[in-house]
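Trainee: Next input, structure requested:
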Amino acid sequence: MPIQMPSLRERSDDIPLLVEYFIGRFGKKPERTSELSTRKRFKLFESYQWPGNIRELQNVIERAVILSEDDTFSVDGAWLKEKYAAIQ
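Mentor: The predicted structure follows:
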């Protein structure tokens, strides 16, 4: 029985939950950041169209965790540009 699931771009409310889940999954401790920087991060994730759906989100989070040098989680905004996504 097939299950219909809307794409990630149609479920932007799920993105913050998924980001937190993937950060925890890949071994980062939750960081203590201001609410403003957290909102900026989620706005960046929510504004992106996610053509690769949840797998692409997972890969971006995993890459950020691997490349971080300390317990601070950050994502380079260039990773989420349409031009970059088309090259991949």
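Trainee: where exactly do the helices run in this protein?
Mentor: For the chain, helices defined by DSSP state H occupy the ranges 15-25, 35-47, 53-67, 82-87.
Trainee: what about the chain, any weak spots by pLDDT?
Mentor: 28-38, 82-88 (pLDDT under 70).
Trainee: mind redoing it with 80?
Mentor: 27-42, 69-74, 81-88 (pLDDT under 80).
Trainee: from memory Glu62 sits against Gly27, does it?
Mentor: No: using Cβ atoms under 8 Å, Glu62 is not in contact with Gly27, being 9.9 Å away. C-beta here means a position set from N, CA and C on the backbone, and glycine is covered the same way.
Trainee: Settle it for me: which of the two has more neighbours?
Mentor: Higher neighbour count among Glu62 and Gly27: Glu62, with 15 against 9, using other Cβ atoms under 10 Å.
Trainee: For the more buried one, give me its contacts.
Mentor: Contacts here follow Cβ atoms under 8 Å, 6 or more residues apart in numbering; on that basis Glu62 touches Phe22, Phe26.
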